[in-house]
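Enquirer: Provided below for reference: sequence and predicted model.
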Amino acid sequence: MIKRTKIVATLGPATDDARTLEKLLNAGLDVARLNYSHGNQDEQSKRIQDIRRLARGLGKEITVIADLQGPKIRICQFKESSVTLKENAHFVIDTKLGARKGTPASVGVTYKNLAAEVASKDILVLDDGRIVLKVLKVSGSQIVTKVLTGGILSNNKGINKLGGGLSAASLTSKDKKDLKHAVLNEVDYIAISFPRCADDILYAKKLIKKAGGNTGVIAKIERAEALDRAEEIIEVSDCIMVARGDLGVEIGDERLPPAQKMLIKKSIEQHKAVITATQMMESMIKNPIPTRAEVSDVANAILDGTDAVMLSGETSIGANPIKAVEAMARACKGAEDYLEKPKGLSSWIQPSFKRIDQAVAMSAIYCSNRIDVKAIAALTESGLTALWMSRVNTTIPIFAISRHRATLRKVTLFRNVYPIAFDVGSVPYDEVTSAVLNLIMKHAKLNKGDKVMITKGDFHGSSGGTNGLKIVQVGDFIGKDD
């Protein structure tokens, strides 16, 4: 195995060439992200078809994430495309000012309720923190501000309120249309932007079910109020994304690193996957190599336990998409080499289990880490067994074996989990162990005498039915289950 941490890369104009996509897959791409903030549905459909076709040709599974735009609040356009704001000058944000009517004195905004949700002394942060305004007063539709940090402000830049508190719904009318499109294209996860609470995620799941899908849901933690409700949001999500751009703007840069560590820790504790995102190797949008600080950023997220690290503009519009994935793969491997094999039981593992399959999964990992098992094979219908195993730090590769293509694609996101297609019903019951061992030997470097842990259920094809584990040795197994 080259790496255990998964790489998410955003597809875009820079990756639309089939040869580039194939090189990305060979460089270490595991998860393809489609940013619905850019492009149209036809472009996204083609990207889904292309990446899956190429992955199949290489014998790989690829996870596809549809990332919805959400209620990103932006200023409108200026008459001259940009203006320069000087410190201490007054600047007005007018909710009634139309598009392309902005001047050095004022500009419109896409969120028409903004004037009703800010007050004197509030701080507004624009363009990812490059422009900072202090609200002096609100008069009707006009928000009169003082420029604290000036600079060039151009069209359509994002605007956040420091500390959060804006009530824009997490799913816009555009998002609902894009959600249906994503379900019809059978993406594996849908990322919900700017959720405020668990209800926003539950609402998205309801819409997915109504559209006829069973797609996983990723909660992007990027609002200050979402950070305060992290536990409840994680509980109802399938995965979270630490979306450090808007989150950092709303809570302040100094609070972001501990917030990231907290979110990763809580996700692992609740048996959920987690993606760390935003500006991980942003310099590579233009440059052929990352900065040392960027490599350290990736490594620290991995040491904290993230399942995946993400590239955005680096691959979608960057000059070096392939080099960016290669550099991230090297950073992943370097950090993983530092991780030691665990010696004790993880402190967060609960003292008792309500489910038999979860108890089996945890027992398998605990034993495997202590008897020099070289590989773990988890026969799974839904992927849950592999997910639980992946929550514990281990250097042992976990092979998720399933007959369901959707399950194989979903588990590809999980740290240290590798999917293998196999229909457990295609062989007699008493030959399953032998067939699985032969499969594993094709995917892992095993020698005679090496131990392999296998988890499976008595009733094949039953979700949640894992109830047993077996340790076998290469070369010693007779080919029949006892």
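Expert: Nice, I can see it.

Enquirer: ok, which stretches of the stretch 201-350 of the chain are strands?
Expert: Along the stretch 201-350 of the chain, counting by DSSP state E, counting those that start in this stretch, strands occupy 216-221, 239-243, 273-277, 308-311.

Enquirer: What residues are bridge-paired with the residue nearest the centre of the chain?
Expert: With distances taken as CA atoms, centre = their mean, residue 275 lies nearest the centre of the chain, 3.6 Å away. Under DSSP bridges, the beta-bridge partners of residue 275 are residue 241, residue 308.

Enquirer: in terms of contact, does it touch residue 242 like I think?
Expert: Yes: counting by CB atoms under 8 Å, residue 275 touches residue 242, with 7.0 Å between them. Where you see a C-beta, it was placed from the backbone N, CA and C, and this is true even at glycine.

Enquirer: Between the two, which contacts overlap?
Expert: Residues touching both residue 275 and residue 242 (CB atoms under 8 Å, 6 or more residues apart in numbering): residue 306.

Enquirer: coming back round to it: right, so of the strands of the stretch 201-350 of the chain, which gets closest to residue 286?
Expert: With CB to CB, the closest approach to residue 286 among the strands of the stretch 201-350 of the chain belongs to strand 308-311: 13.9 Å.

Enquirer: elements contacting that closest one?
Expert: Packing partners of strand 308-311 (3 or more CB pairs under 8 Å, 6 or more residues apart in numbering; DSSP states H and E): strand 6-11, strand 29-35, strand 273-277, helix 292-304, helix 321-338.

Enquirer: Setting the sequence-adjacent residues aside, check what's closest to residue 290.
Expert: residue 281 (4.5 Å; CB to CB, 6 or more residues apart in numbering).

Enquirer: What does the one you found show for phi and psi?
Expert: phi -140, psi 50 (degrees, to the nearest 10).

Enquirer: okay, it: pLDDT?
Expert: Here, the pLDDT recorded for residue 281 equals 98.

Enquirer: before we move on, what about residue 445?
Expert: 88.

Enquirer: what about it, distance to residue 25?
Expert: 22 Å (CB to CB, to the nearest Å).

Enquirer: same deal with residue 472?
Expert: Counting by CB to CB - residue 472 and residue 25 are separated by 32 Å.

Enquirer: SS state for the residue lying closest to residue 211 once chain neighbours are set aside?
Expert: Excluding the flanking residues, the one nearest residue 211 by CB to CB, 6+ apart is residue 183, at 4.2 Å. Of the three states, residue 183 takes helix according to DSSP: H, G, I helix; E, B strand; the rest coil.

Enquirer: do the one 3 residues further on as well
Expert: Here residue 186 takes the coil state, with states given by three-state DSSP.

Enquirer: Offset the numbering so it begins at 640, please.
Expert: Sure thing, new numbering starts at 640, so read that last one as residue 825.

Enquirer: And for residue 898, the neighbour number?
Expert: Other residues near residue 898 come to 19 when the count uses other CB atoms under 10 Å.

Enquirer: And the pLDDT for it?
Expert: Reported pLDDT for residue 898: 98.

Enquirer: ok, it - contacts?
Expert: For residue 898, the contacting residues are 866, 881, 886, 890, by CB under 8 Å, 6+ apart.

Enquirer: burial count for the last one?
Expert: It stands for residue 890. 20.

Enquirer: Can you tell me how far it is from residue 972?
Expert: In terms of CB to CB, residue 890 sits 32 Å off from residue 972.

Enquirer: With the first one instead?
Expert: Remark: distance between residue 866 and residue 972 (CB to CB) = 31 Å.

Enquirer: Compare neighbour counts for those two and give me the winner.
Expert: residue 866 (20 against 16).

Enquirer: ok, the more buried one touching residue 872?
Expert: No: judged on CB under 8 Å, residue 866 makes no contact with residue 872 at a distance of 9.3 Å.

Enquirer: give me the element residue 736 is part of.
Expert: Using DSSP states H and E, residue 736 falls within no helix or strand.

Enquirer: Buried residues, stretch 715-733. List them.
Expert: For stretch 715-733, a neighbour-count test (16 or more other CB atoms under 10 Å) marks 715-717, 722, 724, 730-733 as buried.

Enquirer: Turn these into TSV, columns for secondary structure, distance to residue 946 and pLDDT.
Expert: Putting the buried residues of stretch 715-733 into TSV (DSSP: H, G, I helix; E, B strand; the rest coil; distance: CB to CB, whole Å; pLDDT from 0 to 100) gives the following:
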residue	secondary structure	distance to residue 946	pLDDT
715	coil	38	96
716	coil	39	96
717	strand	41	97
722	strand	42	97
724	strand	40	98
730	strand	42	98
731	strand	44	98
732	strand	39	98
733	strand	44	98
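
Enquirer: tell me which of those residues is nearest to residue 783?
Expert: residue 731 (5.5 Å).

Enquirer: Looks like the closest one contacts residue 744 (just checking).
Expert: Yes: Residue 731 is within contact range of residue 744, at 6.3 Å (criterion: CB under 8 Å).
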